[in-house]
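Trainee: build me a model from this:
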Amino acid sequence: MMSAAPQSGRRAFLAIGPGLALAACAQPQVEQTSGYTGRRLPRPERIYVVAPGVAADDVKLDDGVRQRLTAMTSDQTLSQQRLAAGRQAADAVSAEVTAKLQGFGLPAERVARAPAPSAARVVIVEGHLLSVDQGNQTQRNLIGFGRGRSSVAVEVQVYYRDGHAAPRLISSFEATAQSPRTPGVVGTMGAGMAVGRLATMAASNAILSSVSEARSADTGSEGRRIGDALGLRLGHIFAEQGWIPEAAVQ
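Mentor: Next up is the predicted model:
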């Protein structure tokens, strides 16, 4: 990590009000917590994107049927499972940020850690996961409408380093994404049918589906959406510096 960024606390991103469409509820919430206001900086030769750091205690695993099956069939400890879930989300964030910046024509690449100082001008994008919650996929599949939602929260810092000079913080962000509030299987059925078939569905649909997915839990979807939103914000910031045309940021 670079030098510590200004601390702004762990904010809640509940910008969802009544009347919004269900699809809008799934949009990542991104807040810029600090920004650069000095003169324009020379275009960097490389932009290094480091996967956010992960602490096992910041990860909450799926608390539904799938996680219980995973625990029964996995040789990993609970802490290892949490780290794996967190790293999946972190890798998704960094991969999506990198792809977005490359699409804008910027010299971005993913790296395991920030490189040592050299004569080059570089930008370093790094940070850490604030939380990963896999939610409860069984509830999402059966009920939906926000029940059992998964979420990822991340803090990101962007540094500019000119040769061997001390890195300069030019921007920082906090971002959160949650799974969509789409209806589950019960939500797409009529009330009478739902009452009559709920037990059968739970056994034959949700649980059997969970068995097939027990070894392949995906915590990356929210990470990818955060990475996409962050990449877009960074694109606009870098365009303001004159490193790419504003028209390149879409």
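
Trainee: rest of the way, CA atoms for contacts and neighbours
Mentor: Fine.

Trainee: would you list every one of the helices in this protein?
Mentor: Counting by DSSP state H, the segments of the chain that form helices are 65-73, 78-103, 137-142, 191-201, 208-213, 220-240.

Trainee: rank the ones you listed by mean pLDDT and give me the bottom one.
Mentor: Summarising mean pLDDT across the helices of the chain, the least confident stretch is helix 208-213, with a mean of 40.

Trainee: how far does stretch 152-172 stretch from start to finish?
Mentor: Using Cα to Cα, to the nearest Å, the end-to-end distance of stretch 152-172 comes to 17 Å.

Trainee: can you give me the mean pLDDT across that stretch?
Mentor: Stretch 152-172 shows a mean pLDDT of 96.

Trainee: residues contacting G103?
Mentor: In this structure, G103 makes contact with no residue, judged by Cα atoms under 8 Å, 6 or more residues apart in numbering.

Trainee: any idea how far it lies from R43?
Mentor: For G103, the distance to R43 under the criterion Cα to Cα works out to 17 Å.

Trainee: do the same with A51
Mentor: 23 Å.

Trainee: also H236?
Mentor: The span separating H236 from R43 equals 14 Å under the rule Cα to Cα.

Trainee: what's the answer for A95, then?
Mentor: When Cα to Cα is applied, the distance between A95 and R43 equals 22 Å.

Trainee: out of those two, which sits in the more crowded spot?
Mentor: For A95 against R43, the residue with the higher neighbour count under other Cα atoms under 10 Å is A95, and the figures read 20 against 17.

Trainee: let me see the contact set for the more buried one.
Mentor: With contact taken as Cα under 8 Å, 6+ apart, A95 is in contact with R110, R224, G227.

Trainee: adding distance to E126 and neighbour count, write these out as a markdown table.
Mentor: A markdown table is the format used below for those (distance: Cα to Cα, whole Å; neighbours: other Cα atoms under 10 Å):
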| residue | distance to E126 | neighbour count |
| --- | --- | --- |
| R110 | 10 | 19 |
| R224 | 15 | 22 |
| G227 | 12 | 28 |
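
Trainee: let me know the closest of those to E31.
Mentor: Of all the contacts of A95, G227 has the smallest distance to E31: 13.3 Å, by Cα to Cα.

Trainee: so the closest one sits against E96, correct?
Mentor: Yes. Counting by Cα atoms under 8 Å, G227 touches E96, with 4.7 Å between them.

Trainee: for the contacts of A95, which one is nearest E155?
Mentor: Relative to E155, the closest of the contacts of A95 is G227; by Cα to Cα it sits at 11.4 Å.

Trainee: from I244, how far off is the closest one?
Mentor: 19 Å.

Trainee: what's near enough to touch the residue lying closest to Q27 once chain neighbours are set aside?
Mentor: The shortest distance from Q27 to any non-neighbouring residue, by Cα to Cα, 6 or more residues apart in numbering, is to A177 (6.7 Å). Going by Cα under 8 Å, 6+ apart, A177 touches A26, Q27, P28, Q29, S151, V152, A153, E222, G223, R225, I226.
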